[in-house]
Structure formats: structure tokens, C-alpha cells
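*Asks:* A predicted structure for the sequence below; I have some questions about it.
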Amino acid sequence: MNWIRNIKSNMNSWAILSIVFIILILLPNLSIIFQFFSEPNENWAHIREYMLNTYIKNSLILVVAVGVLSAIVGSSLAWIISAYQFPLRNFFQWGLILPLAIPPYIGAYTYHGIINYTGVIQTTLRNQFGVTVDQQYFDIMNMPGTIFIFVIFLFPYVFTITKAFLARQSTSLIENARLLGSNPWKIYFKIVLPLARTSIVAGVSLVILEVLNDYGVVKYYGIQTFTTAIFQTWFGLGDLASAIKLSGTLMLIILGLLIAERVLRGRKRFSFTTTKVKLLKPVQLKGVSKWVAFSYATTVFAVAFIIPFIQLIYWATLTYEQFFSEDLLSVIGNTIMVALIAATLITIMAIVISNFSRLHRGLTAKLFPKVTILGYSIPGAVIAVGIVTLFIGIDKFMYQNTLVSSYVLSTSIFMLVFAYVVRYLAVAYNSIESGFERIGTSFTEASRILGQNITKSFFKVDLKLIRGAIFGGFILAFIDILKELPLTLILRPFNFETLATNAFQYASNEMIHEAAVPSILIIIISAIAIYFFHHVLERE
Amino acid sequence: MKIKYFLLTSIILSVIFLAACGDDSTSDGDSNESSEEEINLYTSRHYDIDDELYKEFTDETGIKVNVIKGDEDELIERMKREGEQTADLFYTSDAGRLFRAKDAGLLQSIDNDTINENIPENLRDKDNKWFGLTKRARVIVYHKDRVDPSEVKTYEDLTESKWEDKVLIRSSENIYNQSLLASFIELKGREEAKAWAEGVVNNMARDPQGGDRDQAKGVVAGEGDLAVMNTYYLGGMLNSADEEEVKVAEQLGVIFPNQETTGTHVNVSGIAVTKHAKNKENAVKLIEFLSSKDVQKQFASANYEYPVNPNVEPAETLKQWGDFKEQDINLSILGENNAEAVKIFNEVNWK
């Protein structure tokens, strides 16, 4: 009768909610997973022979290079900014998250626009100095260029999550190391990297998933990746079944990697055990090192944000007139509203599932986190197929049983919001999970010994300790949704425009100047959100 | 505590909002069946002129046009899954995709005199299941200083050894290239079409990258001498807000290939009434409207596409390039041969 007691002790509102959420997330993914086991059709041999080999190689190069570089850039900046005081440090605390506000494909168009023949660099050289340069030195549309674009626009994932960890969690070890006379490099390699590994891995896995999913940048730059194979199979060969089979393969590979990482990490956990969270106090840098730190942060910020932003502003000045209308206001309203709603739902679900998962032993509780990543691991357009199938199925059922007079769910915003949740749960989850991980369970256990139930313990104890991680997760999800594309395009209700669909409309038609205005608005809204997030954290 | 309230308020707000949305769409749905004042349109065209024309249509007829813009194949997939409850019209910028929708049994034929009069037979589906509304030609552009246009007369010339490392053309992922090769499969057979693709790959000045406009810039920048692009992109560049783009376009000349042989490759943007359209009459009215003389004129001048209505002249920018002979094939072929074209591209390693 042990198992009954087990179930009884494990069944509470958190568990029930978690299970419901997980089932919701699983449903649209099921058709994709099933398709993986279907018989290959006559196109499969062609796909394997001509697409997979080279395309997988390109994907691997991209993933490894972008992963390693964004880990280096993100964690080193997080370390410098957490541990040292130098000019503009306070601004960089949030300023270095800003590149996340630029959708990578817009960034890709923008950088190409700066560098190419009609771009500002070559035009100035030609018109002012009469110099025409060799194009091969002014080409960003290749593998290194693609890696560059992904690193500069995605490293903030690593930066944000790692910085949140370092600021609160590493104080005693780092201060001890300082007292014992270790130099900054030694501290970085011997303490920061091993200690913050969980956070860095959490950030890097978000980066990698974004890279694997991307079809905008690689398509424009002519780099063929695994995603290319998926879409060539679907759009080119007209074979959705094989495309879904490829997506299922991608999903399984990613799940395998994530589980392997978890197993390798083993039981090592770094959570603090004293009741007082001690904030890491930044040391004032002096002399050369002050300016080295300053120029490093400034260079990254300029390349990843200022330069493309200025270029977009310039383009906007060419075309802004056509955008001033009431329509634009409603587009902005739509964009902010769906992003707020979806990000809130995502945050709540991520809190519930991660709290359940950390407080319960057993396989189910450990598998749940992996499910959250499913929607993030394959291209949005493929997820969309699963979601349309699910919602139209439900609608059909209700319609045939005359519960409703027409299709309700699939024609409303509900389907789109649900899709965002499936897709971006992982983003908030990763941030919140790493927040929980660093406080460990001792506080919750103490609270429960003192007679509080899980819910009370959560609101009175845990919530306060991981506030930063929760806000961080919310903001990341919010920004991601602001710039989301394939799902919004295909799952929106009639006459529903967002800034991202607006920008895409022009960019896809090679009208990058016209795409500048909606892109800038996405960036400004994200920037306000990031600043607000930072401000809230600072005040506490 | 603050977070708790924040979360609570947000939950309440979201519930209210979702409820409101649900209501909205239900009432929309109801009016769908009772009144005739709406049509639902799925489109993959992303041009401002389209929105303006829908507005004009609404002003003229009182019929509201509800729009979802998305990628064509995804829209087809959505229609398949929606079954009987779907949009009234499907509008896309590639005949191949129209064929795909027809092939999946998503469209119905429309026999309407006004439309038949406005749109010539070769630009309609043979079963009248879709109708071309605008035309675009895939042409060769050359640098006026470096190339003597009499040396390049056909698509086949692009494979000649004298153009080694001189030809710029975008990736085979692009639908316009797929349609181009699909037309060659029809005209010359698979073997010759493959030989052509192989020849172009051998002459490429660089690995395919960027869009059509980037090929034009590549020619002017000296990376190659010839580029393949759609006419309306060049039209767009000639009328760009960025004077550097105008300068580039002005240095380029246009060649309509295969004038003495099979004709220049054209593709259409076309519209179709879906099989389960709930507002068929209104849908037909929109097609009548879009193919009418006045509207065709606006299409042509705003987006530099060729009008399909024979009574309308193309925009000034296009007229200066002159008339040309088109490929004489049924455009449905582009869809039928699309998968084969993609396979050939992969076989010859056209990236």
C-alpha cells in the first residue's frame, strides 16, 4: 500500500496543475512525435542523400560556434559587470540585454544593408573618396557572418541568466578568493565558470535552440541548415509528412542532448545555505583595467545594438510618413496585449511546474521540465501545424455537437496565445528553474516543518527569494513574443496585425527601409520592458 | 506580495480579454452566415497596395474584407485542416501554389463572364479554379557598360563558358527559381533542364545568397555581369527611397530571354474561391473588382507588376523595357513540376 501513500503525499494542487499544464503542452506535439515513427515515403531517400549530410554539418558548425562564443561573451560580461565597478557599469547592467530586442533576421538584413554595395560604408568610400572596394572583403552573407549575427543578438540570454546567478549566489566564494589574492582571470576560470555552469548552460541552450529554429537569417544569408531541409521538404517537395518526420528527429536529438547534460551534471548542486543572501559587491577598477572593461562592454554594446539601431533609424527617416495612422496604434496595442497575456500565462505555468518538479522526487517530476522544451526545440511553423490540428479538432467536436454555432477557438486569439505558451514556456522555465536551483529546498523544508503547506511556503518564502528569476523569465518571454513570427503569421485571427508581422511583410518583400519603422517600435517596447525589469530589481 | 497581486491582476485581465475575444469571434461567425457583408481572405501577398484595394472594395460595395496574411504553404495546410469552416478566398503570388491548393481539392470553379472577359484564358486555370491577377517576368539583367546585350539572348546562354564566374542568381530555396526550372522541365524535359541547372551552377560568380535585389547590386558591384531577377524588384529599385538603389538600377539593362524560341518565363499572382466558401457571391465580386480596368491600373503602377487585363497598359517604368513574348505553357505545370525541380536543384548542388 506504499504507492497509495505515495500518491496521496504527492497529490496536491501543484501536482494537479502541473500535470494539466504538461498535458496541454504535449497535445500539439503528439502528432509530431507520432509522425517520427511513420514509414518513410519515396522522398526520404532523396532527402537523405542530397540534403541531410551537408545540412547537418552546417547546423553543427553553427551550433558549436554560436554556443561557445555566446557562452564566452555572455558569461565574461556578466562576470565583469557583477564583480567590478567601471564607467557606465550601471547602464550596461540592463543595456547589454537590449540586443535581444532586435529580431535576428532584422539584424541580419540590417548588417547586410550596412555592409553591401549600396550600404553606408561602401557608399561613403565611393562617393566621398572615389574608392571602390573588393566585394569579397565586404561580404557578411557567409558562415562566419551568420555566426556573428547569432552571437551578437543572442548572447544576452547567457548574460542575463548568468548575471542573476553571480550577483546573489557567488558572493562568499568570490570574496574569499579575492582575499586569498587570486587575480580576476583566475577567479573567472576557477570559480565563476564552474560555479555558474548551470546558468551558463541554461542560457546557451536557449541560444542553441533559437539557432536551430531560425529560418530567417540562414535563408537570407544562403546557409543551408537542418531547418532548411525541413522547409525545403515541406514547401519545395510539398511533402509535409517528411518535414514533420525531420522535425521529430530534431526534437529527439535536442531532448537527448538536454538529458545528457543533466546526467553529466549529476548531483552537483550549488545552493546557498545561510539565511542571508549577500549581494556581491563590485570592486572599483582602476587605471588600465578600468578602461579595458569599459571598452569591452562598450564595443559589444555598439556592435550588437547601437550600430544596427542607428541604421534602422536612418531607414525609418526615409519611409516614416506612410506609417502614421490609427492602424499603427492598434497594431502596437495588439502586439503589447498578446505579449503581456501570453508572457503572464507562461510565467505562472513555469513557476507551477518548476516548483512541483523540484519538491518531488520520482521520474515524472524530473521528466516534466523536459516537456517544457519540446515547443522550443523545433521550428515554429511545424508547431503551428500541430496546434491548428488540435484546435480545429476541438472546434469540430464542439460544432458537431452543436455546443457552438461556428468555430470559436481556432478563429480567436486564443489559439495564438496558446501557441505562444507552448513555444516559449522553456524560456521562462529555464530562468525560473535556475532561480529555484540556487535557493535549494532547505528554506521550503524549514517552512513546511514550521507548519506551512506548499502553497503558503511558496508565497511567503520561495517567491521572495526568486523574484529576480521570475521577472527575468517573464521579460525574456515577453520580448520573444514581441518579435515572434511564424506562429503569429499563421495562427492569428482575421485582421490581426502585430509589429512583427508588419516588419516581416516588408522585409520578406526586400523592402527593408519600410520594415524599419515597425522594427524600431519592437525595439523600443522591448527596451522599456528591459529597463522596467532592471529598475524593479534595483529597488529591491 | 507585490508579485502576487501582479500575477492575480494579470490572470484576471487575461481571462477577461480571452472571454472578450471569444465573444467577438462568435458574433463574427454568426454574422458570417446571416449577413452577406463580409468575406474572409487568406493571402500570402504582403503588399500595401493590396490593403488599399480591399479598403476601396469595402467603400464601393459595403463588403468587409477580413484578411489573414501568411506563408502560402502554411495557409494551404491550415485550409486543409479547417475543412468546411475556412476562408472564402485564397490569394497567392505563385501559380505553383495555386495548383497545390487545387490539387488538394480546396478550390471550386467559377464561371463568371466579367472575370472571363477581364482575364485572358492562358492566365486562368483550365478548370477556372483560379485566376491570375498580376504577372511578373523573370528576366536577365546586365551591366550596361560591361555587357553587349546581343551576346545574351536566352536562359540557355547563361550556361555558356564565356560567362564562367559571371552569373548571379539566388538560392534554389526560392520559389521563383523553382518555377523557372519547373517550366524548363515542361519545355525541354528533365534531362535538359538538369543540364541547364548544372551549367548555371558552373557559371555562378558566388554561392547563392540574398534576394533578387542583392543579385542586381552584385552585378553593379562587379561580382558578376549577369543576374536573374523578377521585373518588379527592378521596378522597385528604380523607384526606391534610397538614391543608391536607384543608381544601381539605372546601370542595369533588361533582357527578355528566349524571344525567338520558347519565350520569357512568367508567373502570376492569382486568386481562387475555396470549395467551402460561405460567401461565394461576395468572393466573386472581389475577383471582378480586382480584375477590373481601374484596379488593374493601380496594381501595375504601385507594385511594378504587369496587369493581366489586356485593356490596361503596364506602368511607365515597365513600358520602357518594351513588350515581350511569354512562355506558352499552362501555368499549372509550374506546380506539377515543382518537386521535381527541387530535386534537380539538390542533385546539381545548387545551394
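*Replies:* Structure received. Residues are numbered from 1 along each chain as shown, chains lettered A, B, ... in the order given.
*Asks:* Give me the neighbour count for A:Ala365.
*Replies:* Neighbourhood size, A:Ala365 [other CB atoms under 10 Å in any protein chain shown]: 17. For every residue, glycine as well, the C-beta is placed using N, CA and C.
*Asks:* Would you mind listing the residues in contact with it?
*Replies:* A:Ala365 makes contacts with A:356-357, A:359, as judged by CB atoms under 8 Å, 6 or more residues apart in numbering or on different chains.
*Asks:* run the last query once more with 7 Å
*Replies:* For A:Ala365, the contact set (CB atoms under 7 Å, 6 or more residues apart in numbering or on different chains) comprises A:356-357.
*Asks:* Please tell me how far whichever residue of chain A sits closest to chain B sits from B:Val67.
*Replies:* With CB to the nearest CB, the shortest gap between chain A and chain B falls at A:Ser406, namely 3.1 Å. According to CB to CB, to the nearest Å, A:Ser406 and B:Val67 sit 18 Å apart.
*Asks:* same deal with A:Ala342?
*Replies:* 22 Å.
*Asks:* End to end on stretch A:164-182, go ahead and measure it.
*Replies:* 23 Å (CA to CA, to the nearest Å).
*Asks:* can you check stretch A:39-49 too?
*Replies:* Stretch A:39-49 stretches 17 Å from its first residue to its last (CA to CA).
*Asks:* Okay, buried residues for that stretch please.
*Replies:* For stretch A:39-49, the neighbour count (16 or more other CB atoms under 10 Å in any protein chain shown) marks A:43-44, A:46-47 as buried.
*Asks:* Can you check the pLDDT for residue 318?
*Replies:* The chain I'm using is chain A. Reported pLDDT at A:Leu318 in the predicted model: 85.
*Asks:* Hmm, no, I was thinking of chain B.
*Replies:* For B:Leu318, the model assigns a pLDDT of 88.
*Asks:* For burial, what's the neighbour tally of it?
*Replies:* By other CB under 10 Å, the residues close to B:Leu318 number 23.
*Asks:* returning to what we had before: same list, the buried residues of stretch A:39-49, but only the ones touching chain B.
*Replies:* Among those, the residues that sit close to chain B (CB under 7 Å from any CB of the partner chain) are A:His46.
*Asks:* Helix, strand or coil: sort out the residue of chain A closest to chain B for me.
*Replies:* coil (DSSP: H, G, I helix; E, B strand; the rest coil).
*Asks:* What count of nearby residues applies to it?
*Replies:* A:Ser406 has 19 nearby residues by other CB under 10 Å.
*Asks:* roughly how far apart are it and A:Met398?
*Replies:* Taking CB to CB, one finds A:Ser406 at 10 Å from A:Met398.
*Asks:* Wondering if stretch B:290-305 reaches chain A at all.
*Replies:* No: no part of stretch B:290-305 sits near chain A under the criterion CB under 7 Å from any CB; the closest distance found is 9.3 Å.
*Asks:* May I have that stretch as CSV, with CA atoms only?
*Replies:* What follows is stretch B:290-305 as a C-alpha-only set of coordinates in CSV (Å, rounded to 0.1, in the frame of the first residue of the first chain):
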residue,chain,number,x,y,z
LEU,B,290,-9.6,43.2,-58.7
SER,B,291,-9.5,42.3,-62.4
SER,B,292,-11.4,45.4,-63.4
LYS,B,293,-9.6,48.0,-65.5
ASP,B,294,-9.2,50.7,-62.9
VAL,B,295,-7.9,48.4,-60.2
GLN,B,296,-5.5,46.7,-62.6
LYS,B,297,-4.0,50.1,-63.4
GLN,B,298,-3.4,50.7,-59.7
PHE,B,299,-1.8,47.3,-59.2
ALA,B,300,0.5,47.9,-62.1
SER,B,301,1.7,51.3,-61.0
ALA,B,302,2.1,50.6,-57.3
ASN,B,303,3.9,47.4,-57.5
TYR,B,304,5.5,47.3,-60.9
GLU,B,305,3.7,44.1,-61.8
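*Asks:* Could you check which of A:Ala342 and B:Val67 is surrounded by more residues?
*Replies:* Neighbours were counted for A:Ala342 and for B:Val67 using other CB under 10 Å; A:Ala342 has more, 26 against 19.
*Asks:* Let me know the pLDDT of that one.
*Replies:* We have a pLDDT of 96 for A:Ala342.
*Asks:* what comes up buried for the helix or strand where it lies?
*Replies:* Secondary structure assignment for A:Ala342, by DSSP states H and E: helix A:326-359. Of all the residues in helix A:326-359, those buried under the rule 16+ other CB under 10 Å are A:328, A:331-332, A:334-359.
*Asks:* Next: stretch A:393-402.
*Replies:* A:394-396, A:398-399.
*Asks:* any idea which strand is longest in chain B?
*Replies:* strand B:131-143 (DSSP state E).
*Asks:* so what secondary structure elements neighbour that one?
*Replies:* Packing contacts for strand B:131-143, counted by 3 or more CB pairs under 7 Å, 6 or more residues apart in numbering or on different chains; DSSP states H and E, involve helix B:212-220, strand B:226-230, helix B:231-238, strand B:252-255, strand B:265-273, helix B:280-291, strand B:306-307.
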